[in-house]
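Peer 1: Need a 3D model of the following:
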Amino acid sequence: MTDITKFKNVSLSKKTYSDVGVLSKEIFDVPLSLSKTIEYLVEKEIKKVKPNGQGRQSKKRSRKRR
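Peer 2: Alright, predicted model coming up:
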């Protein structure tokens, strides 16, 4: 059984599912699983968004006292 503390599920359209399969065969010398292909692509893109491990961080709203 999947360890729910480490993994989450997502739903993909059939076209996207198929496209990920194509990418897994084209990007790598050896085809990867769809989940590993998605993981690789997300890590690659997140480096663009957070180049030094930094990124947008949510700001906590301070509560005003009345």
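
Peer 1: Counting neighbours, what do you get for Ser35?
Peer 2: 13 (other CB atoms under 10 Å). Just so you know, the C-beta spots here come from the backbone N, C-alpha and C atoms, and that holds for glycine as well.

Peer 1: So for it, what's the pLDDT?
Peer 2: Looking at Ser35, its pLDDT reads 94.

Peer 1: tell me which element it is part of?
Peer 2: Using DSSP states H and E, Ser35 sits in helix 34-49.

Peer 1: Asn52 now?
Peer 2: Per DSSP H and E, there is no helix or strand for Asn52.

Peer 1: OK, contacts around it?
Peer 2: Residues counted as contacts of Asn52 (CB atoms under 8 Å, 6 or more residues apart in numbering): none.

Peer 1: Renumber starting at 31 from here on
Peer 2: Happy to do that; since the first residue is 31 now, the last one works out to Asn82.

Peer 1: what's the spacing between it and Glu73?
Peer 2: For Asn82, the distance to Glu73 equals 15 Å [CB to CB, to the nearest Å].

Peer 1: Could I get the buried residue list for the helix holding Ser65?
Peer 2: Neighbour-count burial for helix 64-79 flags Thr67, Ile68 (criterion: 16 or more other CB atoms under 10 Å).
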